[in-house]
Each structure stands twice: as structure tokens, then as C-alpha cells.
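1. Need coordinates for the below:
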Amino acid sequence: MALESVRFSILDRSRVRRGQDHADALRETVAFAALAEQWGYHRFWVAEHHSVPGVAGTAPTVLAAAVAAATSRIRVGTGGVMLPNHQPLVVAEQFGVLAALFPGRIDMGLGRSVGFTDGVRRALGHGLDEVDDFDAHLAEVLDYFAAGRAGVHAGSAEGNDVPAFLLATGSGAERAARFGLPLVIAPIAGTQAMVDAIERYRARFQPSARVPRPYVVVSATAMIADSTEQAHRLLLPEAWASAYSRTHGEFPALIPPGEIDPARMTDRQRHLFEQALGNQLHGTEDEVAEAVEKLVSRTGADEVLVHTSTFDRAARLDSHRRLARVVGLAG
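-> Numbering: from 1, shown residues only. Predicted coordinates for the structure are as follows:
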């Protein structure tokens with residue numbers, strides 16, 4: 001499958017480096033979006049995390065507004081707004097306002113996760129049980145973009161064509177198929193598990209007027225550097241942050257790769273660290289181009305959503321610039 005037929009987009013979680021404040025990380029996200037537009041990427045999405053030291057992105061619709069205001073062509077959206085944390089009417093209203101201000105450029109990516117800890121969930125006023133109501137809340141959001149619900153209308157959202165995407169967690173692939181929505185999926189449980197979920201999604205997809213056929217967005221890490229070893233080294237900070245979060249319950253700021261030593265990790269941390277590195281695409285331009293082509297061929301992806309973090313901001317930007325070139329984006 002030719003990469004020229006596939007869209008390439010970016011997800012930025014506004015990762016914080018050690019010694020950096022959250023405000024600076026948010027400003028970097030907006031500046032990054034402007035570069036992504038220059039390089040020819042199709043979308044630029046931001047994420048939602050709460051009370052996380054290493055992630056500055058807490059209010060995705062607000063940040064999306066800043067990104068859209070700083071750009072002129074690239075599509076802007078969320079990957080995603082975590083619906084259990086919000087009232088459906090408010091979500092619809094926020095995206096309706098974004099679409100009114102930036103017509104034809106706004107995407108609504110929705111996820112099913114809740115706050116990372118009990119304290120965060122209490123502060124948000126939403127509990128784990130609200131995950132069970134996700135289908136009803138998703139249907140409600142979509143209704144507000146159609147003709148309202150039970151006499152309640154979402155103003156600028158109603159009748160507005162804002163594409164909705166569903167982030168796959170748990171049974172997310174089947175849910176996206178049932179609702180007839182585009183699927184956003186990552187190889188969290190391994191590439192084969194992701195491929196199996198995509199096949200179930202395509203087999204069970206229920207077409208709608210807005211989305212007549214399945215649409216798959218594969219989320220992947222891709223790091224390009226001058227050598228395979230250098231690219232691998234650049235991925236160490238994010239892999240360590242992932243392992244740390246799963247053993248300490250807190251996602252830390254990124255640290256320099258030179259400070260990361262697997263020999264000093266616990267057995268569980270080392271396993272999680274190596275697992276985090278396992279599904280990441282990295283290497284020289286030619287190596288990453290080949291790896292991306294294999295991923296697209298195996299999954300039949302319509303779009304690749306690149307999410308790559310490292311301590312070295314300049315190296316990260318250079319990697320995205322080089323990726324845009326090797327996959328043929330018209331920047």
C-alpha cells in the first residue's frame with residue numbers, strides 16, 4: 001500500500017520536561033501545531049489529562065481553540081475529550097462553538113477513560129461507574145448535533161457537521177462499529193490484538209449517512225534520527241515515564257535519556273519499560289518509512305496518528321519534519 005494514499009496526523013499531549021512549567025509546555029503545543037501545518041499533516045489533536053505532573057493538557061477544547069487560532073488549514077481536534085468526565089450537553093456546546101469559530105476544521109475525538117486516581121475522580125465529580133453509561137452519553141452527544149434531545153438544544157452544535165471519532169479502549173472497536181463512527185486505535189495490547197480489533201470493527205460496522213464506511217486511524221509512535229541507536233535512545237524518556245506511572249500511579253515529567261538505567265529498575269518496571277518500547281517505530285528515515293508501510297499494510301489504516309514524546313524537543317520536531325517528507329506529505 002502506497003503511503004501517499006494514507007493521511008498522517010499528530011497527537012500532542014503537551015508533555016512536560018523536567019524543569020519546565022506547564023504554561024511553557026502548552027505554548028510549545030501551539031507552536032508545534034503551526035509547524036505541523038507547514039509540514040502538511042492532516043490533523044493536529046490534543047488530549048485530556050487531570051492532575052498529572054508530566055502532562056500539561058488538561059482542557060482539550062480550550063487548547064484546541066488556541067491551536068485553531070494559530071493555524072489556518074490543518075484540522076484541529078481532541079484525542080480525546082473523556083466523556084465520563086463531562087456532561088454531554090456541555091461537550092456538544094463546546095465543539096459547536098469551536099466549529100462556529102473555525103468552520104470545516106474541527107474534529108471531536110471522544111474517549112471512555114476516567115480520572116487516574118480516586119482523588120482526581122472525586123475532584124471531577126464523576127466516578128468509575130459512569131464508564132458503564134458511556135453508550136448513553138455518547139448517543140446523547142450525537143443527538144445534540146442532530147436535532148437536540150428532549151427539547152434541549154445545543155445551540156451552535158445543532159446541524160453542524162463536526163466529525164466524531166471514538167478512541168478504542170476495552171470494547172471500543174465494537175462500540176465504534178455499532179455507532180458507525182471512525183475508530184482510533186493503538187497497539188496497547190500488541191499489534192496482533194489491534195489488528196484483530198480492527199477486523200471486528202470492519203466486519204460489524206453499521207453505516208450511517210455521515211459515515212458510510214469504516215474508517216480506521218492507527219495511533220503510533222514514530223521516531224526518526226540519524227541512526228537506529230540514536231532514535232532508540234530518544235524514546236527512552238517516554239518509555240520510562242510509562243513504566244513509572246504504572247508502578248507509582250503518577251505520570252512524571254520527562255527526564256534526559258542519560259539518566260535512565262534499566263539495571264536500577266525493579267523487575268516489574270523493567271518489564272513495563274521494555275514493553276513500552278516494543279511497539280514503537282524508530283530508526284533512520286528509510287527504516288521508519290519501511291516500518292510505517294508495514295503497519296499500514298497490516299492494518300489497512302486510512303490514517304496514522306503519530307504521538308511521539310522525548311526530552312529533546314528539537315529532536316522531536318526534527319523527527320516529525322523528516323517523517324512528513326519520507327511519507328510524501330505536501331508541506
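2. for this structure, which helix is longest?
-> Scanning the chain for the helix with the most residues, using DSSP state H, yields helix 228-248.
3. Going along the chain, name the helices of the stretch 151-300 of the chain.
-> Assigned by DSSP state H, counting those that start in this stretch, the helices in the stretch 151-300 of the chain fall at 172-179, 191-204, 228-248, 267-278, 285-299.
4. any chance of these in TSV, with mean neighbour count and mean pLDDT too?
-> Every residue, glycine included, has its C-beta placed from N, CA and C. TSV is the format used below for these (neighbours: other Cβ atoms under 10 Å; pLDDT from 0 to 100):
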stretch	mean neighbour count	mean pLDDT
helix 172-179	20	94
helix 191-204	16	95
helix 228-248	20	95
helix 267-278	15	94
helix 285-299	17	96
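5. out of those helices, which comes closest to residue 56?
-> Checking these against residue 56 by Cβ to Cβ gives helix 228-248 as the closest, at 13.7 Å.
6. How many residues are close by the residue nearest to residue 22 when sequence neighbours are not counted?
-> Using Cβ to Cβ, 6 or more residues apart in numbering and skipping the chain neighbours, the partner closest in space to residue 22 is residue 56 (3.9 Å). Neighbourhood size, residue 56 [other Cβ atoms under 10 Å]: 25.
7. before we move on, the earlier item: tell me the angle the longest helix of the chain makes with helix 267-278.
-> Angle, helix 228-248 to helix 267-278, by axes from the mean of the first three to the mean of the last three Cα atoms, to 10 degrees: 130 degrees.
8. and the nearest residue to residue 79 once chain neighbours are set aside, how many neighbours does it have?
-> Leaving aside its chain neighbours, residue 79 sits nearest to residue 45 (3.8 Å; criterion: Cβ to Cβ, 6+ apart). A count of nearby residues for residue 45, using other Cβ under 10 Å, gives 27.
9. show me what contacts residue 45?
-> The neighbours of residue 45, taking Cβ atoms under 8 Å, 6 or more residues apart in numbering as the test, are 9, 10, 11, 12, 76, 77, 78, 79, 80, 107, 109, 305.
10. Buried ones among those residues?
-> The neighbour count (16 or more other Cβ atoms under 10 Å) marks 9, 10, 11, 12, 76, 77, 78, 79, 80, 107, 109, 305 as buried among the contacts of residue 45.
11. Which residue in those has the weakest pLDDT?
-> Least confident by pLDDT among the buried ones among the contacts of residue 45: that is residue 80, with 90.
12. just checking, that one touches residue 111?
-> Yes: the criterion here is Cβ atoms under 8 Å, and residue 80 meets it with residue 111 at 4.0 Å.
13. Now do the shared contacts for the two.
-> Contacts common to residue 80 and residue 111, judged by Cβ under 8 Å, 6+ apart, are 48, 167.
14. before we move on, the earlier item: doesn't the residue nearest to residue 79 lie inside a strand?
-> Yes: with DSSP: H, G, I helix; E, B strand; the rest coil as the criterion, residue 45 is part of a strand.
15. how close does it sit to residue 163?
-> Using Cβ to Cβ, to the nearest Å, residue 45 is found at 12 Å from residue 163.
16. how near is the residue lying closest to residue 158 once chain neighbours are set aside to residue 141?
-> In space, and not counting its chain neighbours, residue 158 is closest to residue 148: 6.0 Å by Cβ to Cβ, 6+ apart. Noted for residue 148: a distance of 12 Å to residue 141, by Cβ to Cβ.
17. Check residue 204 too.
-> The spacing between residue 204 and residue 141, counted by Cβ to Cβ, is 21 Å.
18. before we move on, what about residue 309?
-> Residue 309 is 29 Å from residue 141, where distance means Cβ to Cβ.
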